[in-house]
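1. okay, structure incoming, though there's no sequence with it:
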């Protein structure tokens, strides 16, 4: 699958709490085995890849667009 850095995933965040919320959401997705993490070195770039199924509902697919 494609990989994105955590920095890319939070680039549009306006306040630190948004970054925290996205990180916690990623941890939940990791627990559900919907994403994989890769970090080549300690404190290095955190890469995230989607490993779960694609959203089955158009509502889920467009939720981020709003």
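-> Nice, I can see it. Owing to the predicted nature of the structure, the values given are computational and were not obtained by experimental measurement.

2. is it true that residue 28 lies in a helix?
-> Yes. The assignment for residue 28 is a helix, going by DSSP: H, G, I helix; E, B strand; the rest coil.

3. tally of neighbours for it?
-> 10 (other Cβ atoms under 10 Å). Just so you know, the C-beta spots here come from the backbone N, C-alpha and C atoms, and that holds for glycine as well.

4. quick one, what contacts it?
-> Under the criterion of Cβ atoms under 8 Å, 6 or more residues apart in numbering, residue 28 has no neighbours.

5. what's the spacing between it and residue 21?
-> According to Cβ to Cβ, to the nearest Å, residue 28 stands 11 Å off from residue 21.

6. where's the residue most central in space within the chain relative to residue 35, distance?
-> Nearest to the geometric centre of the chain sits residue 26, at 4.9 Å (Cα atoms, centre = their mean). Going from residue 26 to residue 35 by Cβ to Cβ gives 6 Å.

7. next, show the common contact partners of these two.
-> Contacts common to residue 26 and residue 35, judged by Cβ under 8 Å, 6+ apart, are residue 48.

8. give me the element residue 48 is part of.
-> Per DSSP states H and E: residue 48 is located in strand 47-50.

9. give the buried residues for that strand.
-> Of all the residues in strand 47-50, those buried under the rule 16 or more other Cβ atoms under 10 Å are 47, 48.

10. point out where the protein drops to low pLDDT.
-> 54-66 (pLDDT under 70).

11. how about the helices in it?
-> Per DSSP state H, the chain carries helices over the ranges 6-9, 16-31, 58-62.

12. out of these, the one nearest residue 43 is which?
-> helix 6-9 (12.1 Å; Cβ to Cβ).

13. what's that closest one in contact with?
-> 22, 23, 26, 45, 46, 47, 48.

14. go ahead and confirm the fourth one touches residue 37.
-> Going back to what we said before, that points to residue 45. No. Assessed by Cβ atoms under 8 Å, residue 45 is found out of contact with residue 37, at 11.0 Å.
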